[in-house]
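S.K.: sequence unknown, structure follows:
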């Protein structure tokens, strides 16, 4: 019995060869090649080991990642392009293994260099980079190709290298969003890092993937694409790490961060902080003793089963703007500015402004439930006027409550403190749209409780009856 050694380390296959003479078996070991050598010019990219089965060379070892990746849109990117009716040579680099997305600066590698079908689709190496060195010597330090978590300032890094441009400007919209901002004081605060810094978020969510830290350990990353999207897995729509249609602050992707301090804290004078999830589900705020509704009872259509995408329905609004005369596409929005009712120009194009008149905002996202933009705008305006009237009243009443009622060291939570919390909740941007019915009920109950506890009465002409009617109320 002897070992026959091949040129490259590979999978040992045991061959049992019956030998007719001597009545014994001769057992021979040999090495099999784990991959075919890449074509000249491939740039050390390996691509598929089985094109028909979409089996990547990487997937021969990383079987778990291979299995879930096969169900993603990336695994069918080449076919999608060919069947689109708009297949052009300029599109191919983003629908195949190339230098796009993996920090390789040489443009002609993979598919563009070889025209070999083994490089079709967006495979592992599209994000991780060439795998030849790692496969040849997987135990050597520095050979493991790591994908980047960062998105560069010019967007030409990682996901942004393909998910950008007029075709689908994901990266450009994200760069203009607040997710792209790093607030140093929060990115370094142990209480905040789990929502304000990319690596901190993934750690808080139990994601153990290792990314290339191109910015260095002492610098911080914004909430980049790979924080919300799982590059390998398609079990949730859009390759999201968590579902968006689950009405649970612990399980819903957006609410996992947008749920901080939705209820008051006994020893803190701080107001609400990112309470959108619980507010949408009717669970936010200070509930006064006279409050007639249990948590979760006041939920509008925005937070109900009639809105299966919950936050994403309004905040991830994908739409087109076409030229009214030619019908040609003028602008394609991906929803990654995350603005529910963005400021737009007269032609309907987003301006990037944060403040503008209600008539200058687009209500396109609302038309999934409302009849049209005009009806959605009118509903919002009605709720806005009512809430503004109540918050103005609350400000006057709270200003008259004795200062001693706002102490954080007396071991009690007073009506004054709770009413102030509800006022701050009502004044937060977006609260009126998230749940105007709960906001109105909290303000009315607070006004009544201020009268009961402090004898401070509201303005005589203020109606303390609900003017906004929630479904089922």
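M.R.: Sure, I can see it. None of these values were measured; they are calculated from a predicted model.

S.K.: going forward, measure contacts between C-alpha atoms and count neighbours the same way
M.R.: Noted.

S.K.: need the strands for the stretch 251-400 of the chain, in chain order.
M.R.: Using DSSP state E, counting those that start in this stretch, the strands of the stretch 251-400 of the chain run over residues 319-322, 329-333.

S.K.: Quick one: closest of these to residue 139.
M.R.: Residue 139 lies closest to strand 329-333 among the strands of the stretch 251-400 of the chain, at 44.6 Å (Cα to Cα).

S.K.: Quick check: buried residues in the closest one?
M.R.: Residues of strand 329-333 classed as buried: 331, 332, 333 (neighbour count, 16 or more other Cα atoms under 10 Å).

S.K.: Tell me how many other residues surround residue 444.
M.R.: Residue 444 is flanked by 22 other residues according to other Cα atoms under 10 Å.

S.K.: Let me know the pLDDT of it.
M.R.: Residue 444 carries a pLDDT value of 97.

S.K.: Next: residue 11.
M.R.: On the pLDDT scale, residue 11 is placed at 42.

S.K.: Please renumber the chain so that the first residue is 8 from this point on.
M.R.: Sure, I'll start counting at 8 from here, so that last one is residue 18.

S.K.: Okay, helices next: where are they in the stretch 158-307 of the chain?
M.R.: With DSSP state H, counting those that start in this stretch as the criterion, the stretch 158-307 of the chain has helices at 177-182, 191-194, 200-203, 205-211, 232-235, 283-287.

S.K.: Mean neighbour count and mean pLDDT for those helices - can I get that in a markdown table?
M.R.: Shown next, in a markdown table, are the helices of the stretch 158-307 of the chain (neighbours: other Cα atoms under 10 Å; pLDDT from 0 to 100):
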| stretch | mean neighbour count | mean pLDDT |
| --- | --- | --- |
| helix 177-182 | 22 | 93 |
| helix 191-194 | 15 | 91 |
| helix 200-203 | 22 | 96 |
| helix 205-211 | 20 | 95 |
| helix 232-235 | 20 | 96 |
| helix 283-287 | 27 | 97 |
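
S.K.: Can I get the ones you listed in JSON lines including distance to residue 352?
M.R.: Shown next, in JSON lines, are these (distance: least, Cα to Cα, whole Å):
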{"stretch": "helix 177-182", "distance to residue 352": "16"}
{"stretch": "helix 191-194", "distance to residue 352": "33"}
{"stretch": "helix 200-203", "distance to residue 352": "31"}
{"stretch": "helix 205-211", "distance to residue 352": "33"}
{"stretch": "helix 232-235", "distance to residue 352": "28"}
{"stretch": "helix 283-287", "distance to residue 352": "28"}
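
S.K.: residue ranges with poor pLDDT in the stretch 8-157 of the chain?
M.R.: 8-41 (pLDDT under 70).

S.K.: Next one: residue 398, what pLDDT does it get?
M.R.: Listed pLDDT for residue 398 reads 97.

S.K.: Count the neighbours of the closest residue to it other than its chain neighbours for me.
M.R.: Of all residues not flanking residue 398 in the chain, residue 430 sits nearest, at 6.2 Å (Cα to Cα, 6 or more residues apart in numbering). Residue 430 has 27 neighbouring residues, counting by other Cα under 10 Å.

S.K.: would you turn the strands of the stretch 258-407 of the chain into a markdown table with mean pLDDT?
M.R.: As requested, the strands of the stretch 258-407 of the chain are arranged in a markdown table below (pLDDT from 0 to 100):
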| stretch | mean pLDDT |
| --- | --- |
| strand 326-329 | 82 |
| strand 336-340 | 80 |
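
S.K.: Dump those into JSON lines; add distance to residue 440 as well.
M.R.: Shown next, in JSON lines, are these (distance: least, Cα to Cα, whole Å):
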{"stretch": "strand 326-329", "distance to residue 440": "20"}
{"stretch": "strand 336-340", "distance to residue 440": "21"}
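
S.K.: rewinding a little: I'd guess the residue nearest to residue 398 is in a helix, am I close?
M.R.: Yes: Residue 430 forms part of a helix when assessed by DSSP: H, G, I helix; E, B strand; the rest coil.

S.K.: mind listing what it touches?
M.R.: Neighbouring residues of residue 430 by Cα atoms under 8 Å, 6 or more residues apart in numbering: 398, 401, 402, 450.

S.K.: isn't the first one right next to residue 449, touching?
M.R.: So the one you mean is residue 398. No: counting by Cα atoms under 8 Å, residue 398 sits too far from residue 449 to count as a contact (10.8 Å).

S.K.: And the two? Which one has more around it.
M.R.: Neighbours per residue (other Cα under 10 Å) separate residue 398 from residue 449, with residue 449 holding more: 26 against 20.

S.K.: For the host helix or strand of that one, buried residues please.
M.R.: Following DSSP states H and E, one finds residue 449 within helix 443-461. Buried positions in helix 443-461, judged by neighbour count with 16+ other Cα under 10 Å: 443-457.

S.K.: now, among those residues, which is nearest to residue 258?
M.R.: Nearest to residue 258 among the buried residues of helix 443-461, with distances taken as Cα to Cα, is residue 445, at 22.3 Å.

S.K.: For the residue lying closest to the closest one once chain neighbours are set aside, give me phi and psi.
M.R.: The shortest distance from residue 445 to any non-neighbouring residue, by Cα to Cα, 6+ apart, is to residue 305 (5.5 Å). Main-chain dihedrals, residue 305, degrees, to the nearest 10: phi -100, psi 90.

S.K.: In this structure residue 305 contacts residue 292, no?
M.R.: No: assessed by Cα under 8 Å, residue 305 is found out of contact with residue 292, at 11.9 Å.

S.K.: more neighbours, these two?
M.R.: The neighbour comparison of residue 305 against residue 292 (other Cα under 10 Å) goes to residue 292, with 28 against 24.

S.K.: What distance do you get for that one to residue 298?
M.R.: Noted for residue 292: a distance of 11 Å to residue 298, by Cα to Cα, to the nearest Å.

S.K.: Next: residue 333.
M.R.: Taking Cα to Cα as the criterion, residue 333 is separated from residue 298 by 56 Å.

S.K.: Out of those two, name the residue with the larger neighbour count.
M.R.: Neighbour tally, residue 333 and residue 298, criterion other Cα under 10 Å: the higher count belongs to residue 298, 15 against 7.

S.K.: quick one, what contacts that one?
M.R.: Counting by Cα under 8 Å, 6+ apart, the residues that residue 298 touches are 448, 449, 452.

S.K.: wait, doesn't the first one sit right on residue 473?
M.R.: Yes: at 7.0 Å, residue 448 counts as touching residue 473 under the criterion of Cα under 8 Å.
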